[in-house]
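Engineer: Fold the following and give me the result.
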Amino acid sequence: MKKSLSSAMGLLCVWMGLVMATPQGAAAQDHVVSPAQIQKDVAGASAERQLNAGKLESFLSSKEAQQAMKTAHINEQQVRTAVKELSEEDLAQLSARAEKAQREFAAGTLSDRDLLIILVAIAAIILIIVAVR
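Structural biologist: I've put the predicted structure just below:
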């Protein structure tokens with residue numbers, strides 16, 4: 001009995017010695033993504049967000065947009081503030097829709113009335129998304 005207890009204690013000591021002798025770096029794997037890559041991705045996402053916000057801001061700043069919001073009794077400042085609170089995904093989607101509407105209007109595919117409807121719809125969507133959160 002004493003011999004088996006002594007053997008068990010010896011094995012435990014050897015095991016603890018191996019655990020303590022293992023370097024910390026060997027126990028933990030290298031990060032899959034380097035801190036530099038994470039920083040680069042964050043900077044890219046920030047730049048993309050600013051680009052999308054700029055596109056949407058440009059769309060909402062147009063003479064037609066301001067007139068449409070005034071006609072629909074939508075507070076322009078409230079819409080501009082709400083744009084800043086949109087998620088990355090919502091901002092990207094609305095920015096793409098606004099850009100498409102501007103291109104189609106410039107090409108003559110959309111009438112003034114169609115553009116006004118789109119402007120009011122986008123402003124309303126922005127306010128609804130922010131209100132729901």
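Engineer: can you pull the buried residues of the lengthiest helix in the chain?
Structural biologist: The helix that spans the most residues within the chain, counting by DSSP state H, is helix 35-61. For helix 35-61, burial by neighbour count (16 or more other C-beta atoms under 10 Å) applies to 49, 52-53, 55-56, 59-60. Bear in mind the C-beta positions are built from the backbone N, C-alpha and C, glycine included.
Engineer: if we look at the following helix or strand past that helix, which residues are touching it?
Structural biologist: Using DSSP states H and E, the helix or strand that follows helix 35-61 towards the C-terminus is helix 63-71. With C-beta atoms under 8 Å, 6 or more residues apart in numbering as the test, helix 63-71 has contacts from 59-60, 75-76, 79, 105, 112, 115-116, 119-120, 123.
Engineer: 7 Å instead, please
Structural biologist: The contact list for helix 63-71 (C-beta atoms under 7 Å, 6 or more residues apart in numbering) reads 59, 76, 79, 115-116, 119-120, 123.
Engineer: now do stretch 109-124
Structural biologist: Contacts of stretch 109-124 (C-beta under 7 Å, 6+ apart): 64-65, 68-69, 72, 74, 79, 94, 97-98, 101, 104-105.
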